[in-house]
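> Show me how the following folds:
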Amino acid sequence: EEMKKMKDASESEQNPDEKKTVLIDCRNHKEFEIGHFENALDPNTKTFEQFPRWVQENKSALKDKKILMYCTGGIRCEKASAYMRRELETCAGAASVQHLKGGIHKYLDKFGGDGFFAGSNFVFDRRVGVDADEHVQKKGGDGVVAKRIVGQCLYCENKYDKFTADAVCTVCRELTLICEDCKTGLNGEYHCADHQHLRNCYFTNLHRFSESELKSQLHELGFFFEKIAVGKRYKQKRRTLHRQMNRIAQLLSRIENGSVKEMNTSTIVCRSCGDVNCDGKCWGVHGLKRKHVLLGSDPSATPKKSVRLSSNKRSNKSLRKEREIAEIKRLNLSKPPNSYRCTETSIRCPPPFTRVLSTSVKGKWVGKSVQSVLQSEFHHFEDTQRLDELFKMSLVRLNDIPVNSEAALIRGTQTADAVSQDTPLKNMDIICRITHWHEPPVLVPTNISLQKIDLSQDVIDNLMSGGDHSEGDFVIYCVDKPSSVPVHPTGPYLQNSLTLMVEAQEELEPRSLLPCHRLDRCTSGLTLCCTNSAVARLIQVQMDNKEVEKVYVAKVKGQFMPKDSLYLRVVNDDEFLFEAPIDVVDVKKGLRAVSEKGKPAITKFKLLGYDRGSDHSLVECEPLTGRQHQLRVHLQALGFPIHNDVLYNENSEFGNKSLKQEAIKAVKKASEYEMTPPVLGEGVSIRDATAAKRVSLVCQGKVEEEFNSSQLLGGGAVIDLHARKYLINFNKKQKDGSKISLGALECKIGIPTWARAFKNTEEVYDKVMSAWLDEAS
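Sure thing, here's the model as predicted:
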């Protein structure tokens, strides 16, 4: 509709306001050349990364316009419209910027050649250009289709819109529109619009020129080189010209020495692969012959199947893991659960230390200032006054250079000693923060119970044939995770994570214990771990394939007798099947709820007993799907929220207040503990450690500002939900789709204290409760 209004305005002088609409093509120039929307503006870019510069140069002229943007598939124009909107709002307030959802592809699917798009749609495969319904303009009586051709030959300017593999710029290899008639006299060497000034002096095949012609070319290249001899923006252009001048100089030297016998040859050699008979289809979207030539392989041979490394073996992941292991060893952070544990309260709170936290700049941060990114992306820095204090003490660094508020006197500048917090971030930048690291307390036993179960040889031989059998053993660790403890290091938890404590307890190497899945921090029970990444992948695949039967036990509020519901199906008197989709309703809190828009989720419930005195029921839960918070959401939806679950039970008591006070005391006591010598992270000086401690909220006594109630063992830290048993079925899939059973592995642990102490007051459930306790023990 907006395009139609713009077209009508361009054809009429009666409505000048409509002419304020500008249609911008976000694609590159070569894409625009062969097809575009009518009246579209071409930014004339060769790569998409040049588009922001074009916006900066033209935003004053665009600030009062209604902007429409489009691209091939909708991705580039979506990014470009967001950037354009942000830039225009800085200079003109509100801005009207829209983009074509789905891009040209979706538009042509709907309108074809009858819309406002003229020419061919550029695609990134061997077709290069695709007509929209053959671009029907009119169809004569003989059925001949007349095409709307918008492109033109660069040399003769006749209508032409076919990019071919051999018609590329000899300087930059950019696709160039050159008709067949013009190709005949150019000896296979063409120059794009940006390099037309080099059409007489820059060639790939130098052997077809005489000595005098080569000297003339060298002289002309030198002239162009002098014009761009100064300036950082011309660095790449100077490198290109310098390389060509060296080629010519070397050839002239060989001619003078008599080592070149044959010149003035008209043989055309492919620049990419060096093949005389090449038709140009050896590069880019047209083929991979150049790769085969460089590797010395046969292009007709069957290519080897590439195998993507698992995430923990990729170079960046491996380096990060090595740094984490080095930090754990250097600071001696791997301690068993009985270390730093109070015997009276079972609260474990390790002493603080100074460490460096770092993050690489994400794409959406590029161009924003250091301060704006820190305040918008990290909740620790929402307080401007606290952030300014960190800047003053040089505790925030950009590429190892302190971000100091004193440098802000010269806004946006950078010196060798400090950078301003207004410095715009660039790709590959690294932001670091030196912090006095305190951890929230957790509740742990003296020893975390676990069992070790060996995988059967049949499973190893049939399901792990492609794995790394040299890495670790084939043992599954069945760990009884306590409530309040995270499975792995995350957020403010490091030493108080399950994997680090079990590694120290079992004398394993740091970061060698791999969790095969995860439980919520507030949930207790069975957690499967291993030391072999191949075993971890195997268990994860079985879970993804729904080959793992999970059994939980929960204590819920009320007598568990669900009422009729759209999602409820009664299996028998005590068993129910609840099929209700789950969707995220609050991303920040991680809150989920039953919603028709959500993903399918199925849970089987069985009533085990009811205590009339406390009005609580004991329920066995079997999730048949694996949605996050599935059991908690489904029980809340049925009207029986889990005991102590503050997140999904608004009427729940807000945790154990006395336990929370003990937790706060434990954090304060740990902060007073001074290690000798001081525990410092890599690259941290005594001065940095002192400054970090001075601004630490915990060291200032503001524990409840640093950690939330759940992290301080208040409401939501511990809920009565326990993972009790996993039954893993191993099946080998055959070519015909059938499965061969390789056996099953049952992993189970004991039941928690609150479940064992549950008092059933209803005689009708006595047998069920007794049988369940016998089986659980």
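> what comes up buried for stretch 577-589?
578-582, 584 (16 or more other C-beta atoms under 10 Å). No exception for glycine: its C-beta is placed from N, CA and C like everyone else's.
> Longest strand in this protein, please.
When the chain is parsed with DSSP state E, its longest strand is strand 721-733.
> where does C621 land in three-state SS?
Secondary structure state of C621, per DSSP: H, G, I helix; E, B strand; the rest coil, is strand.
> Enumerate the beta-bridge partners assigned to it.
Residues found in beta-bridge contact with C621 (criterion: DSSP bridges) are Y552, F605.
> ok, and what's touching stretch 341-353?
Contacts of stretch 341-353 with the rest of the structure, by C-beta atoms under 8 Å, 6 or more residues apart in numbering, involve 331, 333, 335, 337, 339-340, 436-439, 441-446, 495-496, 659, 662-663, 666-667, 669-671, 673, 675, 679-681, 693, 696, 698-699, 713.
> ok so, going back, would you tell me what the next helix or strand after the longest strand of the chain is?
Going down the chain from strand 721-733, the next helix or strand is strand 739-748, by DSSP states H and E.
> mean confidence score for that next one?
Averaged over strand 739-748, pLDDT sits at 91.
> Please state the offset of it from the chain centre?
What separates the centre of strand 739-748 from the centre of its chain is 34 Å, taken as C-alpha atoms, centre = their mean, to the nearest Å.
> Paired strands for that strand, with orientation please.
Strand partners for strand 739-748, identified by DSSP bridges, are recorded as strand 721-733 (antiparallel).
> residues of the partner strand that come out buried?
For strand 721-733, the neighbour count (16+ other C-beta under 10 Å) marks 721-726, 728-731 as buried.
> Please export the C-alpha coordinates of stretch 206-217 as CSV.
Coordinates of each C-alpha in stretch 206-217 appear next as CSV, following Å, rounded to 0.1, in the frame of the first residue of the first chain:
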residue,chain,number,x,y,z
LEU,A,206,50.2,-10.0,-18.3
HIS,A,207,51.9,-12.3,-20.9
ARG,A,208,49.8,-11.0,-23.7
PHE,A,209,51.4,-7.5,-23.5
SER,A,210,54.7,-6.3,-24.9
GLU,A,211,57.5,-4.8,-22.7
SER,A,212,56.6,-1.2,-23.6
GLU,A,213,52.9,-1.9,-22.8
LEU,A,214,53.9,-3.3,-19.4
LYS,A,215,56.0,-0.2,-18.6
SER,A,216,53.1,2.0,-19.6
GLN,A,217,50.8,0.1,-17.3
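> contacting residues around R756?
So, once contact is read as C-beta under 8 Å, 6+ apart, R756 ends up touching L773.
> Would you mind listing where the stretch 51-200 of the chain has pLDDT under the threshold?
Counting by pLDDT under 70, the stretch 51-200 of the chain contains low-confidence ranges at 92-93, 132-147.
> Tell me the bridge partners for T435.
R355.
> what's near enough to touch it?
Applying C-beta under 8 Å, 6+ apart to T435 gives the contacts 354-357, 395, 692, 696.
> Now for the residues you listed: which two are most distant?
With distance counted by C-beta to C-beta, no two of those lie farther apart than V356 and S696, which are 14.7 Å apart.
> Could you report the neighbour count for L659?
Using other C-beta atoms under 10 Å, L659 is surrounded by 20 other residues.
> in a helix, that's where it is, yeah?
Yes - remark: L659 belongs to a helix, assigned using three-state DSSP.
> Roughly how far does the nearest residue to Y70 once chain neighbours are set aside sit from F122?
Across the structure, with C-beta to C-beta, 6 or more residues apart in numbering as the measure, the residue nearest Y70 apart from its sequence neighbours is L100 (3.9 Å). L100 sits 15 Å away from F122 when distances are taken as C-beta to C-beta, to the nearest Å.
> ok, and the closest non-adjacent residue to V475?
Taking C-beta to C-beta, 6+ apart as the measure, V475 lies nearest to K452, with 5.0 Å between them; neighbours along the chain are not counted.
> Contacts only, for the one you found.
Applying C-beta under 8 Å, 6+ apart to K452 gives the contacts 475-478.
> Repeat that for I430.
By C-beta under 8 Å, 6+ apart, the residues touching I430 are 358-361, 398-400.
> Could you tell me which of those residues are located in helices?
Counting by DSSP state H, no part of the contacts of I430 is found in helices.
> Same list, the residues you listed, but as CSV with pLDDT, distance to E377 and neighbour count please.
Written out in CSV, the entries for the contacts of I430 read as follows (pLDDT from 0 to 100; distance: C-beta to C-beta, whole Å; neighbours: other C-beta atoms under 10 Å):
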residue, pLDDT, distance to E377, neighbour count
S358, 89, 14, 13
T359, 89, 9, 14
S360, 89, 13, 11
V361, 89, 11, 19
L398, 90, 14, 21
N399, 87, 18, 13
D400, 86, 20, 9
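> From these, pick the one nearest H195.
When those are compared for distance to H195 (C-beta to C-beta), V361 comes out closest, at 33.8 Å.
> ranges for the helices of the stretch 151-300 of the chain?
Ranges of helices within the stretch 151-300 of the chain are 180-183, 211-227, 235-257, 289-295, based on DSSP state H, counting those that start in this stretch.
> And the third one, what does it pack against?
So the one you mean is helix 235-257. Using 3 or more C-beta pairs under 8 Å, 6 or more residues apart in numbering; DSSP states H and E as the contact criterion, the neighbours of helix 235-257 among helices and strands are helix 211-227.
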